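1. return atomic coordinates for the entry below.
(one chain, ligands or ions: 1)
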Amino acid sequence: MTPETLARLDRAHLIHPVSSWRDQEEHGPRLLSHGQGVWLTDMHGHTLLDGFAGLWCVNVGYGQDSVVKAATEQMTRLPYATGYFGFANEPAITLAARLAEVTPGDLNRVFFSQGGSDAVDSALRFIRFYQHARGTAGKRHVIGLARGYHGSTYTGAGLTALAAFHRDADVPLPWQHHIPSPDPYRHPAGHDGDALIAASVSSLRAKVAELGGPEHVAAFFCEPVQGSGGIIVPPRGWLTAMREACREMDILFVTDEVITGFGRTGPLFACEHEGVVPDMMTAAKGLTSGYAPMGAVFMSETVYSTIRDATPPGVAVGHGMTYSAHPVSAAIGLAVLDLYQGGVLENGVKAGAHLATRLAGMKDHPLVGDVRSAGMLAGIELVTDKKNKTKPAASLGISKKMSKAGYEQGVLFRAFGDDIIGLAPPLTCSVEETDILCDRIEGVLNTLMDDREIVAAI
Ligand code: PMP
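-> Down below sits the predicted model:
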């Protein structure tokens, strides 16, 4: 089909995820055609450096033959196998066992979902099962972070704290609560890491007290680096302090590593930066590098065995999906894990260090208020007044202007609102490609400076 026909059919029939339906109908889609390495080509032959790895998921880059081969072989041999009724398949078992070796501490038990949202939703159900199993069913409340993102199921959207996901959706649910984001740039205590950590711990304690004490609180959920909230990198020590506070209060500490997992911030999991072992952890995206859908919930031996032991013999733990532990996704997961361990993680660390250096060089740009990164995950925060950290007015339309400029200049990134540029290139990005990415981002920032309205607002 021609791009024009596809665009017409798209406008007429396809509902896009997290998109303005009006804009979609008005402007139609950007049609991508193929990818190789960190490069994408659209249906008009325009080449783009994918600075966002699809949706922060294609960590091993496009066109990895070993992954395609693993998927093809598995599809040919056995394209589907249920995990119900005691059935299993070789790639799913092998992947579970290999992941148990590389996940932090005793997170040795894994439930495979279809993506991140249902991994979070599954984790929330397992948390509930666990509290019932221990005889502490009164521990119902779950606390997350402001600006957190945990998916688009009802429970995930409720645990999320971003306005667009709450609008007209009757969430958060009555048992879901939030404490302030540990944002070093905008938190009142942010300029001092220790003060920010202390403030976060005391917010958590205060929220628990407000909910009636630890006997009413089941779990605290966080992203080790907040992604969709605007790439927020908490100070070092924050994760450890929150983990310890949860341990003291007998509250499950759950990390959502859907973005940060699989090398995005350097090590395989972001918890490893501080040697933190959560009680449960969710992952997706980099698990299969986006080559097929799959997510995961990892749980500690304690959480697992408590649920197991409280379930009478022969009675099913009533949770699962048709596509749980899908063999093709699992085969892809194994091939992708080989790539991570075969040099991709190392390359990500090297390119991430270079990315941080280049970002530091952007700090003096008149529109840049803050730059931050953790490995190959980075944010550039734009302001129109550096001293007062003034967010650009919506009327300036910066988000649309920079997305347009980026596309024209051959770079894909994500604009969060009108003020944050998110970068998450494939971990396979070379240092030279990282330079091209940063040159093009600087090009976009300079294009904004050609806009008279924007310059007048500075
Ligand atoms: N948790 C986090 C931290 C995420 O960033 C995302 C997706 N961006 C999700 C959960 C939901 O994952 P999915 O889109 O695969 O359902």
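
2. taking the chain, what residue is nearest to the ligand?
-> Residue of the chain nearest the ligand, by Cβ to the nearest ligand atom: Gly116 (2.2 Å). For glycine as for every other residue, the C-beta is placed from the backbone atoms N, C-alpha and C.

3. that residue: what's it in contact with?
-> Gly116 is in contact with His150, Gly151, Asp256, Val258, Thr282, Ala283, Ala284, Lys285, Gly295, counting by Cβ atoms under 8 Å, 6 or more residues apart in numbering.

4. hmm, 6 Å instead?
-> Gly151, Val258, Ala284, Gly295 (Cβ atoms under 6 Å, 6 or more residues apart in numbering).

5. find the nearest non-adjacent residue to Ala405, please.
-> Leaving aside its sequence neighbours, Ala405 sits nearest to Thr447 (Cβ to Cβ, 6 or more residues apart in numbering; 4.2 Å).

6. would you confirm that that neighbour contacts Ser403?
-> No: counting by Cβ atoms under 6 Å, Thr447 does not reach Ser403; the two are 11.3 Å apart.

7. Val254 should be in a strand, yeah?
-> Yes: judged by DSSP: H, G, I helix; E, B strand; the rest coil, Val254 forms part of a strand.

8. any idea how far Met281 is from it?
-> The gap separating Val254 from Met281 is 7 Å, by Cβ to Cβ, to the nearest Å.

9. for the helix or strand where the residue nearest to Ala405 lies, packing partners?
-> Using DSSP states H and E, Thr447 sits in helix 431-448. Counting contacts by 3 or more Cβ pairs under 6 Å, 6 or more residues apart in numbering; DSSP states H and E, helix 431-448 packs against helix 345-360, helix 398-408.

10. to Leu6, which of the ones you listed lies closest?
-> helix 398-408 (17.4 Å; Cβ to Cβ).

11. contacts for the helix or strand that the closest one is followed by, please.
-> As assigned by DSSP H and E, the chain's next helix or strand after helix 398-408 is strand 411-412. Contacts with strand 411-412, where a contact means Cβ under 6 Å, 6+ apart, come from Leu48, Leu49, Asp50, Gly51, Phe52, Arg440.

12. cool, and stretch 435-442?
-> Leu49, Gly51, Arg358, Gln409, Val411, Pro425.

13. show the contacting residues for the third one.
-> By that I understand Arg358. Counted by Cβ under 6 Å, 6+ apart, Arg358 has contacts Cys438.

14. before we move on, the earlier item: and the two most separated of the contacts of strand 411-412?
-> Based on Cβ to Cβ, the longest span within the contacts of strand 411-412 runs between Phe52 and Arg440 and measures 12.6 Å.

15. the ligand contacts on the stretch 251-400 of the chain?
-> Proximity of the stretch 251-400 of the chain to the ligand (Cβ under 6 Å from any ligand atom) is limited to residues Asp256, Val258, Ile259, Ala284.

16. whichever of those end up buried, select them in ChimeraX.
-> Here is the ChimeraX selection string for the buried members of these, based on 16 or more other Cβ atoms under 10 Å:
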select :256,258,259,284
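
17. same list (the residues of the stretch 251-400 of the chain next to the ligand) but as TSV, adding secondary structure.
-> Below are those laid out as TSV (three-state DSSP):
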residue	secondary structure
Asp256	strand
Val258	coil
Ile259	coil
Ala284	coil
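
18. closest to Thr384 among the residues of the stretch 251-400 of the chain next to the ligand?
-> Of all these, Thr384 sits closest to Ile259, with 28.2 Å by Cβ to Cβ.

19. once you drop chain neighbours, what's closest to the closest one?
-> Among residues not flanking Ile259 along the chain, Gly227 sits closest, at 4.1 Å (Cβ to Cβ, 6+ apart).

20. any idea of the pLDDT on the one you found?
-> Reading off the confidence values, Gly227 has pLDDT 98.

21. next one: Val217
-> At Val217, the model reports a pLDDT of 98.

22. re earlier: wait, which of the helices and strands packed on helix 431-448 is closest to Gly138?
-> If you check each of these against Gly138 by Cβ to Cβ, helix 345-360 wins as the nearest, at 42.3 Å.

23. show me how far the next helix or strand after the closest one is from its chain's centre.
-> Counting by DSSP H and E, the next helix or strand C-terminal to helix 345-360 is strand 368-374. Computed by Cα atoms, centre = their mean, to the nearest Å, the chain-centroid distance of strand 368-374 equals 18 Å.

24. who does the helix or strand just after strand 368-374 pair up with?
-> Under the assignment DSSP H and E, the closest C-terminal helix or strand after strand 368-374 is strand 377-382. Note on strand 377-382: by DSSP bridges, its sheet partners are strand 368-374 (antiparallel), strand 420-423 (antiparallel).

25. with just CA atoms, put strand 377-382 into CSV.
-> What follows is strand 377-382, C-alpha atoms only, in CSV (Å, rounded to 0.1, in the frame of the first residue of the first chain):
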residue,chain,number,x,y,z
LEU,A,377,18.5,7.2,30.0
ALA,A,378,18.6,11.0,30.0
GLY,A,379,16.5,14.1,30.4
ILE,A,380,16.9,17.7,29.4
GLU,A,381,14.6,20.1,31.2
LEU,A,382,13.7,23.4,29.5
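
26. ok, residues contacting it?
-> Applying Cβ under 6 Å, 6+ apart, the set of residues contacting strand 377-382 from outside is 225, 230-231, 264-265, 355, 359, 367-372, 392, 419-424.

27. flag every buried residue along stretch 315-326.
-> Neighbour count says stretch 315-326 has Gly320, Tyr323, Ser324, Ala325, His326 buried, by 16+ other Cβ under 10 Å.

28. stretch 215-230 vs the ligand: in contact?
-> Yes: interface with the ligand: stretch 215-230 contributes Glu223, Gly227, Ser228 (Cβ under 6 Å from any ligand atom).

29. mind checking how far the closest residue to the first one other than its chain neighbours is from Ala12?
-> Here the nearest residue to Glu223 in space, its sequence neighbours aside, is Asp256; by Cβ to Cβ, 6+ apart that works out to 4.9 Å. Distance check for Asp256 against Ala12: by Cβ to Cβ, it reads 36 Å.
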